[in-house]
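# Need coordinates for the below:
(one chain, ligands or ions: 1)
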Amino acid sequence: MDWPQKQNSFERIEGVSLIEGNGGMPAVRVSRNELKGEVYLHGGHVTSWKPTHAEEVLFLSGHTNWNSSKAIRGGVPICFPWFGPKDQPGAPQHGFARIREWQLERISEEGGGVLVEVSDRSDEQSRQLWPFDYVLTHRVIFGETLKMELVVRNTGTKPFVFEEAQHSYFQVGKVQEIAIDGLSNRYVLNKIDGKTRKQHGKITFQAETDLVYFDTADNIAIIDLLLKRRITISKTNSKSTVIWNPWSEKARALSDLGDDEWQTMVCVETCNIRNNVVRLAPGESHMMGTEITVASI
Ligand code: BG6
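Model prediction:
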């Protein structure tokens with residue numbers, strides 16, 4: 001993308017710049033006094049959000065491969081049109097949206113914050129992996145809350161079914177000392193042992209964790225006594241939630257995650273996956289949203 005040319009077509013907003021980010025990748029940076037935020041066009045990917053009175057909320061790996069064929073490790077990867085592996089040659093894990101180059105559509109003031117809107121449209125390359133026409137829009141509002149709306153529109157002539165996720169990575173003091181509230185009494189598939197059971201009480205972490213919760217609409221909270229904060233995640237039109245931490249061994253196998261970084265991250269993912277896939281007829285749209293707030297405890 002030619003930033004200078006594009007730049008002229010966007011309203012100039014105080015504290016917003018179009019930058020050459022890591023790996024020379026184009027990104028939008030918001031920096032207004034203590035409020036910070038960043039979106040990369042690679043994957044339509046939010047990599048940072050820091051509200052005025054808190055430290056950075058999102059985790060970003062110091063070992064990320066800033067490379068157009070890889071997903072950024074951390075922040076909020078967008079998974080679409082499938083989640084997890086797909087049994088098809090050349091089909092990337094978690095879909096292709098997180099490794100495509102998105103377009104910048106809009107930057108504007110929005111309710112005291114900054115709206116950055118990016119989009120991705122089907123093309124010949126996407127149709128080789130998934131034979132449908134779509135427009136994907138990610139509307140991100142950086143303010144004292146982080147609001148993200150992912151809109152999928154079926155622009156083709158055939159109905160389609162898809163999975164999606166805002167695969168958010170959160171910065172925590174120490175994963176072994178946090179608790180996650182808001183998923184009690186929900187059915188959960190433990191991807192480590194393949195068993196489904198009912199969650200009772202809060203989630204705590206003692207080993208590799210890869211959990212898919214179904215039919216979850218309530219707010220979710222990360223209670224972090226070390227960082228003395230509570231992160232609240234409120235979801236719209238999302239029926240599944242994934243909780244993931246790779247723990248030590250898996251982290252060592254991931255080239256884009258430092259050997260100890262797993263201890264200071266946790267993923268709480270707003271999803272529609274597996275039993276909760278979404279169906280769209282031609283011309284229809286679906287919006288899934290996440291709003292994040294942080295408070296001292
Ligand atoms: C989680 C999945 O959402 O993402 C895990 O539930 C997966 O199974 C993890 O390991 C990370 O995936 P990736 O492709 O970003 O390494």
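
# hmm, who's touching the longest strand anywhere in the chain?
The longest strand of the chain (DSSP state E) is strand 285-296. Strand 285-296 is contacted from outside by 49, 51, 53-54, 57, 76, 144-154, 164, 166, 168, 228-238, 270, 272, 278, 280, using CB atoms under 8 Å, 6 or more residues apart in numbering. For glycine as for every other residue, the C-beta is placed from the backbone atoms N, C-alpha and C.

# The same query, at a cut-off of 6 Å, please.
Residues from elsewhere that reach strand 285-296 (CB atoms under 6 Å, 6 or more residues apart in numbering): 54, 57, 145-153, 164, 166, 228-238, 270, 278, 280.

# Quick one, which of these are buried?
54, 57, 145-153, 164, 166, 229-235, 238, 270, 278, 280 (16 or more other CB atoms under 10 Å).

# Can you narrow those residues down to the ones near the ligand?
Counting by CB under 6 Å from any ligand atom, nothing from the buried ones among the contacts of strand 285-296 sits close to the ligand.

# pLDDT at the nearest residue to V242 once chain neighbours are set aside, what is it?
Leaving aside its sequence neighbours, V242 sits nearest to E269 (CB to CB, 6 or more residues apart in numbering; 4.0 Å). As predicted, E269 sits at a pLDDT of 98.

# where's E269, which helix or strand?
strand 265-272 (DSSP states H and E).

# Could you give the separation of that strand from the chain centroid?
The chain centroid and the centroid of strand 265-272 are separated by 7 Å under CA atoms, centre = their mean, to the nearest Å.

# What strands line up against it, and which way round?
Strand pairing for strand 265-272, using DSSP bridges, gives strand 164-166 (antiparallel), strand 169-171 (antiparallel), strand 240-245 (antiparallel).

# re earlier: the longest strand of the chain pairs with which strands?
Going by DSSP bridges, the partners of strand 285-296 are strand 146-154 (antiparallel), strand 229-236 (antiparallel).

# near the ligand, which residues of the protein show up?
Close to the ligand, as judged by CB under 6 Å from any ligand atom, the chain has residues 71, 93-94, 167, 191, 210, 242, 244, 269.

# give me that answer again for 8 Å
Counting by CB under 8 Å from any ligand atom, the chain comes close to the ligand at 71, 73, 77, 79, 83-84, 93-94, 165, 167, 191, 210, 212, 242, 244, 246, 250, 254, 267, 269.

# Mind giving me the ChimeraX select for those residues, buried ones only?
In ChimeraX syntax, the buried subset of the residues of the chain next to the ligand is picked out as below (16+ other CB under 10 Å):
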select :71,73,77,79,83,84,94,165,167,210,212,242,244,246,267,269
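
# Please name the bridge partners of the most centrally placed residue in the chain.
Compute the mean C-alpha point of the chain, and by CA atoms, centre = their mean the closest residue is V76, 2.7 Å away. Beta-bridge partners of V76, counted by DSSP bridges, are V46.

# and it, what is it in contact with?
46, 166, 168.

# now what about stretch 257-264, what contacts it?
61-63, 73, 172, 174-175, 246-247, 251-252.

# which residue does the stretch 51-200 of the chain bring closest to the ligand?
In the stretch 51-200 of the chain, the residue that lies nearest the ligand is Q93 (4.1 Å; CB to the nearest ligand atom).
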